[in-house]
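Trainee: Structure for this input, please:
(one chain, ligands or ions: 1)
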Amino acid sequence: MNEYLSGWFERHEAQVRALEHRIWARPETALNEHYACAETAAFLREQGFAPECFSLMGDGGEPNAIVARYGSGRPVIAILGEYDALPGLGQDCVSHKAPLEGPGHGCGHCQIISCAVAAASALKSAMEAEGLGGTLVFMATPAEESLQGKVRMAAEGYFDELDLCFAWHPCDMAPSFDDMVSAASTDVTFEFFGKSAHAAMQPWAGRSALDAAELMSVGVQYLREHITEDCKVHHSYLSAGTAPNVVPEYAAVRYLVRSNDAGSDEILERVTAVAEGAALMTGTTMKRRVKSHCYGSLPNHVLNEFCYRAVGEVEPIAYTEEEYRFAREVYENTTGKAAPGDNEALLPTAAHPPKPIYIAGSSDVGDVSHIVPTLQVRGPGRVKGTPGHHWSVVAASGTSIGEKAAVYAAKLMSQAMYDALIEPGLAERCREEFHRCKAEKGIGPYRKFQEEN
Ligand SMILES: [Zn+2]
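Mentor: As a prediction, the model looks like this:
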């Protein structure tokens, strides 16, 4: 590992771990990341950055987003941090389910932000010490959980200046530099407008918006048989009438429509056609509002392969017996099965070379990956075999398992970014791969998101 990077971590590891824990202990939901934003900005200022804090999609009030730059010239390389928590997932730092009121870090984003701020700070100190050229950009992006933050920042052009972008997400695995494809996702609400009437005395005078919403559900259920396996359509009712003796004049259903990137327009139009059919059948009218759309992730094999070598330069995490015991209990309390005897099967540390993988979930990092060659590393922080968005993730993120993962990932990312910064021609090679991959998948130029009103 570069001596200036490792020196920075020797001096600041305790501060990084403390930051991770403070943000874990004050979880904030999407767009409300004010405390985490202030703590992150304070850390950056101490490290000699001049962070620009601002409110994204907010009322112009308290900031929830940060951009900080260091250096000048090409390449311009960025690291992204997220810090939103999930509503209703409050959990104590113990190995069994112990809910606390309010949100919780059920996706480990407290680790992501600490990793990002540490990686940026360590790299800045190495760039200073070695007099390296190039520009380092740190970005704290709010509202990943609602798949909005980076989408809105992309629409405002925040990623346009970048040559390379780096992101890490904790997971239940050893560091993985896989060529990961994730699903594109559209968050869309269908509203139906009917006519209210007495449900017993004059139902013929009414037109039920709820009938339309229910028929839409039935139609989508039939549609599911005739879409490719990488498409997922799920919904929840936002409004379904009030009293049973009143024909509902209004109903609203929120859908998440996921697919591969090339097919995302088509699947959305097919779901919309079902909604139109439901409105026609019930004599109601329908309005569609696309609230957000995020791209699936576009892998960059050249960048993944290049950065994977950082794994060999950073000491793997050494877990204590106490941490393995905690992991074992979390595993058993989550799955109801006996934990594996092998420690590596609980908290894996052995990395594997990049390989192609598909995940059905979505992240707003996807949009960034369609603008700039982006490295998306997944790695430790959770107990293997436990689900995401779950109390077990909140619990692990609150312990030394989560703190160590953040520090380890920061070391890995700072080393990978350092290597990328000094490697001649890497940005150009990654850009070629970016265009090659888009052409192969039949994906056009990035379209900035526009909300439907
Ligand atoms: Zn996440």
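Trainee: okay, CA-based contacts and neighbour counts for the rest of this
Mentor: Noted.
Trainee: where does the residue lying farthest from the centre of the chain land on pLDDT?
Mentor: Distance from the centre of the chain peaks at residue 201, with 51.0 Å (C-alpha atoms, centre = their mean). Looking at residue 201, its pLDDT stands at 97.
Trainee: can you check residue 61 too?
Mentor: 86.
Trainee: so what's it closest to, chain neighbours aside?
Mentor: In this structure, residue 61 finds its nearest non-sequential neighbour in residue 55, 6.3 Å apart by C-alpha to C-alpha, 6 or more residues apart in numbering.
Trainee: hmm, back to that, residues touching the residue farthest from the centre of the chain, list them.
Mentor: If a contact means C-alpha atoms under 8 Å, 6 or more residues apart in numbering, then residue 201 has no contacts.
Trainee: Now residue 147: closest residue in space, sequence neighbours ignored.
Mentor: residue 364 (5.0 Å).
Trainee: give the contact list for the one you found.
Mentor: Counted by C-alpha under 8 Å, 6+ apart, residue 364 has contacts 144, 147-151, 294-295.
Trainee: quick one: the strands in the stretch 51-200 of the chain?
Mentor: Remark: strands assigned in the stretch 51-200 of the chain by DSSP state E, counting those that start in this stretch are 52-54, 65-72, 76-82, 134-141, 164-170, 179-182, 184-193.
Trainee: Now mean pLDDT, distance to residue 389 and mean neighbour count too, for those strands, in TSV please.
Mentor: Below are the strands of the stretch 51-200 of the chain laid out as TSV (pLDDT from 0 to 100; distance: least, C-alpha to C-alpha, whole Å; neighbours: other C-alpha atoms under 10 Å):
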stretch	mean pLDDT	distance to residue 389	mean neighbour count
strand 52-54	98	27	16
strand 65-72	98	23	20
strand 76-82	98	15	25
strand 134-141	98	19	23
strand 164-170	98	12	25
strand 179-182	96	17	23
strand 184-193	97	17	24
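Trainee: Any idea which of those gets closest to residue 426?
Mentor: Distance to residue 426, taken as C-alpha to C-alpha, is lowest for strand 164-170 among the strands of the stretch 51-200 of the chain, at 9.2 Å.
Trainee: and that closest one, what other elements does it pack with?
Mentor: strand 76-82, helix 109-130, helix 365-369, strand 374-379, helix 400-422 (3 or more C-alpha pairs under 8 Å, 6 or more residues apart in numbering; DSSP states H and E).
Trainee: Mind doing that once more with 6 Å?
Mentor: Of the remaining helices and strands, those touching strand 164-170 by 3 or more C-alpha pairs under 6 Å, 6 or more residues apart in numbering; DSSP states H and E are strand 76-82, strand 374-379.
Trainee: what's the spacing between the shortest one and its chain's center?
Mentor: Read it as strand 374-379. Centroid displacement of strand 374-379 relative to its chain, using C-alpha atoms, centre = their mean, to the nearest Å, is 11 Å.
Trainee: what's in contact with it?
Mentor: 164-171, 173-177 (C-alpha atoms under 6 Å, 6 or more residues apart in numbering).
Trainee: again, only using 7 Å
Mentor: Applying C-alpha atoms under 7 Å, 6 or more residues apart in numbering, the external contacts of strand 374-379 come out as 164-177, 300, 303-304.
Trainee: can you check stretch 142-156 too?
Mentor: 30-31, 33, 64-65, 82-84, 141, 292, 294, 363-365, 367, 448-449.
Trainee: Could you do stretch 427-445 as well?
Mentor: Applying C-alpha under 7 Å, 6+ apart, the set of residues contacting stretch 427-445 from outside is 75, 163-164, 261-262, 300, 302-303, 373.
Trainee: Parallel or antiparallel, which strands does the helix or strand hosting residue 357 pair with?
Mentor: Counting by DSSP states H and E, the element that carries residue 357 is strand 356-359. Sheet pairing for strand 356-359, assigned by DSSP bridges, gives strand 179-182 (parallel).
Trainee: CA atoms of the partner strand as PDB?
Mentor: What follows is strand 179-182, C-alpha atoms only, in PDB (Å, rounded to 0.1, in the frame of the first residue of the first chain):
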ATOM      1  CA  ASP A 179     -18.800  -6.600 -13.600                       C
ATOM      2  CA  MET A 180     -22.100  -6.000 -12.100                       C
ATOM      3  CA  VAL A 181     -25.300  -5.300 -13.900                       C
ATOM      4  CA  SER A 182     -28.300  -4.100 -11.900                       C
END
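Trainee: Off-centre distance for it?
Mentor: On C-alpha atoms, centre = their mean, the centre of strand 179-182 falls 13 Å from the chain's centre.
Trainee: Please state the offset of stretch 146-157 from the chain centre?
Mentor: With C-alpha atoms, centre = their mean, you get 12 Å for stretch 146-157.
Trainee: Averaged pLDDT, it. What do you get?
Mentor: Mean predicted confidence for stretch 146-157 is 95.
Trainee: Check stretch 360-371 too.
Mentor: 96.
Trainee: can you pull out the helices in this structure?
Mentor: Taking DSSP state H, the helices of the chain run over residues 3-25, 34-46, 109-130, 149-155, 209-223, 264-282, 301-308, 321-335, 365-369, 391-397, 400-422, 426-441.
Trainee: Check these for me and report the most buried one.
Mentor: helix 391-397 (a mean of 30; mean count of other C-alpha atoms under 10 Å).
Trainee: Fine by me, we can end here.
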